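Trainee: Sharing a sequence plus its predicted fold:
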Amino acid sequence: MPKLVVLNQGHHATIQDLGRHHYAQFGLSPGGVSDLHAHCWGQKLLGNPSTNASIEILLGRIKLRAVGDIDAVLTGADCRAINATRGIALPQWQAFRLHDGEELHLSTPKQGLRTYFSVKGNFQIPSFLHSVATVERNQIGGLGEGKPLAMGDILTTTDKAHTNPIKMPNSAIPRYASSYRLRLIPTFQYHQLSSQVTNEILKSQYRISANSNRMGIRLENENGSTSTALPAVGSMISEGIVCGAVQLPPDGMPIILLQDRQTLGGYKKLGTVAFRDLARLAQLRPGDHIEFHLTNLEVERHKQRAFYQYFEL
């Protein structure tokens with residue numbers, strides 16, 4: 001079967017699929033792709049099910065060599081990929097072929113944070129609890145012990161190149177920006193907060209902190225401060241938390257929890273970022289900006305259900 005050799009791992013790259021669900025009671029983070037939109041389109045363009053794995057690449061710079069012919073696709077942040085062997089640019093959001101011995105090189109993207117590299121078929125990787133998702137904090141998944149990809153790693157694929165390309169509709173290709181208004185589904189805890197607190201949160205513009213990762217996005221003021229003049233909101237008995245949950249710790253600066261989050265949290269929650277905005281959130285870099293505005297639960301359920309149906313999730 002064809003293989004991929006990692007010549008340079010770039011800044012950070014991990015194997016991810018849809019994640020390891022239904023194990024939170026054991027303290028295991030679900031993991032999984034950060035940008036589900038980019039991942040699912042990558043698999044669909046190759047004729048794969050969305051359950052297959054992708055390589056999630058942070059800020060590009062990865063270099064791979066094909067051993068055997070491999071059909072692949074790049075989605076997410078545009079890293080101006082090239083076939084370094086032939087000296088030609090490779091398309092984004094469109095299937096291409098790497099022939100035996102050819103090298104794929106990625107640059108740093110101008111916009112966006114994460115790029116997804118998917119292959120026809122899947123990667124031959126032993127699963128743990130029905131998933132190959134890399135979760136570094138739990139030391140599980142990936143090629144073993146939850147480690148990111150490293151130079152010299154070899155990934156065997158399960159399919160030979162024979163893709164019938166699927167056309168990506170232009171309307172589905174995202175345009176990544178450095179500022180977003182995120183839809184927030186408020187929790188009952190949101191309604192327990194004073195109007196002073198909620199009004200201040202909804203009118204504030206926050207900056208993505210450099211102290212952000214796959215566990216969560218920390219927000220800060222425009223001046224870089226991680227504290228606010230908001231009155232303390234206190235804590236609560238720890239409870240389960242979901243992807244996109246927006247916690248409000250005692251310093252008043254929200255934290256948005258992501259795929260590698262802890263399974264329990266004792267901070268009050270403003271709400272949950274709407275499912276359709278999680279992909280945007282995954283592409284924001286430190287220094288980018290967000291604002292929150294409220295949305296309706298039923299509207300967001302409808303949008304999420306439509307996405308799941310389209311990609312057969």
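Mentor: Arrived safely.
Trainee: Skipping its backbone neighbours, what lies nearest Ile256 in space?
Mentor: Ile217 (4.4 Å; CB to CB, 6 or more residues apart in numbering). In this view, the C-beta of every residue, glycine as well, is placed from N, C-alpha and C.
Trainee: Pull up the pairing partners for the strand or helix carrying the one you found, direction included.
Mentor: Per DSSP states H and E, Ile217 falls inside strand 216-220. The strands beside strand 216-220 in its sheet (DSSP bridges) come out as strand 206-208 (antiparallel), strand 255-257 (antiparallel).
Trainee: Endpoint to endpoint, stretch 133-153 covers what distance?
Mentor: With CA to CA, to the nearest Å as the measure, stretch 133-153 spans 16 Å from end to end.
Trainee: who touches that stretch?
Mentor: 5-9, 12-20, 27-32, 53, 55, 62, 125, 128-129, 131-132, 155, 214-215, 260 (CB atoms under 8 Å, 6 or more residues apart in numbering).
Trainee: Need the buried ones from these selected in PyMOL.
Mentor: Burial among those is assessed by 16 or more other CB atoms under 10 Å; the matching PyMOL selection reads:
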select buried, resi 6+7+9+12+13+14+15+16+17+18+19+20+28+29+30+31+32+53+55+62+125+128+131+132+155+214+215+260
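Trainee: tell me what the helix or strand that Gln43 is a member of is packed against?
Mentor: Counting by DSSP H and E, the element that carries Gln43 is helix 36-45. On a contact count with 3 or more CB pairs under 8 Å, 6 or more residues apart in numbering; DSSP states H and E, helix 36-45 meets strand 54-58, strand 70-76, strand 114-119, helix 275-282.
Trainee: mean confidence score for that helix?
Mentor: In this model, helix 36-45 has an average pLDDT of 97.
Trainee: same deal with stretch 156-174?
Mentor: Averaging pLDDT along stretch 156-174 gives 83.
Trainee: Now the terminal residues of that stretch, how far apart.
Mentor: Note: stretch 156-174 ends 30 Å apart using CA to CA.
Trainee: And for that stretch, what's in contact with it?
Mentor: 1-4, 37-38, 41, 44-47, 68-71, 93-95, 97, 119-124, 279-280, 283.
Trainee: Just the buried subset of those, please.
Mentor: 2-4, 37-38, 41, 44-47, 68-71, 93, 95, 97, 119-123, 279-280, 283.
Trainee: the longest strand in this structure is where?
Mentor: strand 264-273 (DSSP state E).
Trainee: Run through the stretch 201-313 of the chain and note the low-pLDDT ranges.
Mentor: 223-234 (pLDDT under 70).
Trainee: middle-most residue in the protein, spatially?
Mentor: With distances taken as CA atoms, centre = their mean, the residue of the chain nearest its centroid is Ser34 (1.3 Å).
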